[in-house]
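**Student:** sequence first, predicted coordinates after that:
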Amino acid sequence: MGQPKKKIIIDTDPGIDDAMAIFVALRSPELEVIGLTTIFGNVYTTLATRNALHLLEVAGRTDIPVAEGSHLTITKGTKLRIADFVHGTDGLGNQNFAPPKGKAIEQSAATFLVQQASLYPGEVTVVALGPLTNIALALELDPDFAKKVGQIVLLGGAFAVNGNVNPAAEANIFGDPDAADLVFTSGADILAVGINITHQVVLTDTDREKLSKSKGKLAQYLCKILEVYFSYHHVAYNTAGVYLHDPTTLLAAVNPSLLTYAEGVVRVQTSGIMRGLTIFYNKKKRFGEVTEWSDKPNVKVAVTVDAPAVVELVMERLMNS
Ligand SMILES: O=c1[nH]cnc2c1ncn2[C@@H]1O[C@H](CO)[C@@H](O)[C@H]1O
């Protein structure tokens with residue numbers, strides 16, 4: 001008998017790298033995926049829900065519930081920035097798959113998150129792969145959510161590096177900076193994986209070729225949808241490979257020793273030209289005056305990653321899938 005499986009809920013905006021992360025999760029014996037919740041980001045929320053249901057059907061895991069998340073930011077903002085230019089207009093590499101047969105459950109994402117965290121206090125890990133609106137709504141819905149949730153492992157922020165939306169902001173934080181600031185200062189056990197980490201984790205053309213030789217159904221499926229993601233990286237970053245944002249974050253939840261992290265306070269810039277900027281206070285200086293970082297709870301921010309080990313794990317779990 002091994003360790004008990006870690007219960008996880010993946011909050012997701014699928015998304016090509018989300019699809020990879022979901023499949024890696026379903027192929028990780030350490031995890032029990034107890035639900036998917038959906039959010040806008042790579043696509044609008046309605047399409048994120050459709051894609052989440054579709055991916056579970058592809059993987060033969062329609063037993064896993066999907067709860068639809070917010071269509072608006074936490075401040076009821078409707079002007080959303082959608083990264084369809086990264087993932088294709090359908091979010092899954094312009095493959096125009098048939099609509100899923102299944103439906104989302106009645107509960108909203110926030111209600112589902114609160115319910116599961118209350119059902120299994122301290123045991124549920126939320127892996128947040130999109131803007132943090134649903135998590136912030138869960139915190140608003142239940143003031144004890146921060147205490148009840150086991151850990152929130154989130155893909156977000158650009159810590160001491162440029163963003164990917166603009167030099168200041170990373171896409172998930174930019175998607176809902178007010179929600180992100182609420183989550184970072186909530187007191188929950190948070191591990192943030194920023195693009196300072198995920199830009200080190202590259203799936204190369206050679207890896208993709210290897211994946212394409214796999215007989216696995218999921219590996220074959222991913223090779224199809226990856227084309228658009230590779231083209232975008234080639235043009236935008238001039239790389240012969242793609243960044244494994246979401247799979248890296250998922251694996252951080254499986255095996256935290258793939259990363260090292262620092263502890264301190266994170267605040268998010270919510271307006272102006274640096275909207276979405278994440279600033280980490282490392283607590284090295286004791287400031288004489290009260291700052292916006294004073295008396296806020298610590299979070300963990302990843303600072304190094306064993307990138308070859310992450311790529312190897314992703315490949316290993318997908319090759320036989
Ligand atoms: O250039 C980009 N603009 C917007 N979103 C992006 C870009 N590159 C990747 N992502 C998406 O945003 C998250 C990481 O920030 C990932 O989910 C990734 O798919």
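**Tutor:** Structure's in. What do you need?
**Student:** in three-state terms, label residue 265 for me.
**Tutor:** Recorded secondary structure, residue 265: strand (DSSP: H, G, I helix; E, B strand; the rest coil).
**Student:** any idea how far residue 320 is from the residue nearest the centre of the chain?
**Tutor:** Nearest to the mean C-alpha position of the chain, by Cα atoms, centre = their mean, lies residue 129 at 1.3 Å. As judged by Cβ to Cβ, to the nearest Å, residue 129 and residue 320 stand 23 Å apart. C-beta: built from backbone N, CA, C; applies to glycine.
**Student:** which residues touch whatever residue of the stretch 151-300 of the chain ends up closest to the ligand?
**Tutor:** Closest contact between the stretch 151-300 of the chain and the ligand, by Cβ to the nearest ligand atom, is at residue 171 (3.4 Å). Residues counted as contacts of residue 171 (Cβ atoms under 8 Å, 6 or more residues apart in numbering) are 41, 81, 83, 163-165.
**Student:** got the phi/psi numbers for it?
**Tutor:** Main-chain dihedrals, residue 171, degrees, to the nearest 10: phi -60, psi -40.
**Student:** next: residue 125.
**Tutor:** phi -100, psi 130.
**Student:** who's in contact with it?
**Tutor:** 6-9, 149-153, 253.
**Student:** one more pass at 10 Å, please.
**Tutor:** Contacts here follow Cβ atoms under 10 Å, 6 or more residues apart in numbering; on that basis residue 125 touches 6-10, 31, 34, 149-153, 189, 191, 253-254.
**Student:** can you select the buried ones from the residues you listed in ChimeraX?
**Tutor:** A single ChimeraX command is used to select the members of those judged buried by 16 or more other Cβ atoms under 10 Å:
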select :6,7,8,9,10,31,34,149,150,151,152,153,189,191,253,254
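**Student:** tell me the two of the contacts of residue 125 that are most distant?
**Tutor:** 34 and 191 (18.9 Å; Cβ to Cβ).
**Student:** all strands of this protein, in order?
**Tutor:** With DSSP state E as the criterion, the chain has strands at 6-12, 31-38, 66-67, 124-128, 151-155, 190-193, 202-204, 241-243, 259-268, 278-281, 299-305.
**Student:** in the stretch 151-300 of the chain, which spans are helices?
**Tutor:** Listed in chain order, the helices of the stretch 151-300 of the chain (DSSP state H, counting those that start in this stretch) span 171-175, 177-184, 195-198, 205-212, 217-237, 245-254.
**Student:** for the fourth one, what is the average pLDDT?
**Tutor:** Read that as helix 205-212. Across helix 205-212, the average pLDDT comes to 95.
**Student:** and that helix, how far from the chain's centre?
**Tutor:** Centroid displacement of helix 205-212 relative to its chain, using Cα atoms, centre = their mean, to the nearest Å, is 23 Å.
**Student:** and what of the last one?
**Tutor:** Between the centre of helix 245-254 and the centre of its host chain there is 8 Å, according to Cα atoms, centre = their mean.
**Student:** write out the residues of the stretch 51-200 of the chain neighbouring the ligand.
**Tutor:** Contact residues (Cβ under 6 Å from any ligand atom) of the stretch 51-200 of the chain with the ligand: 83, 86, 164-165, 170-172, 195.
**Student:** re the thing from before, the strands of the chain into a markdown table, with extra columns for distance to residue 311?
**Tutor:** Listed next are those as a markdown table, based on distance: least, Cβ to Cβ, whole Å:
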| stretch | distance to residue 311 |
| --- | --- |
| strand 6-12 | 20 |
| strand 31-38 | 19 |
| strand 66-67 | 28 |
| strand 124-128 | 18 |
| strand 151-155 | 16 |
| strand 190-193 | 15 |
| strand 202-204 | 6 |
| strand 241-243 | 9 |
| strand 259-268 | 14 |
| strand 278-281 | 25 |
| strand 299-305 | 10 |
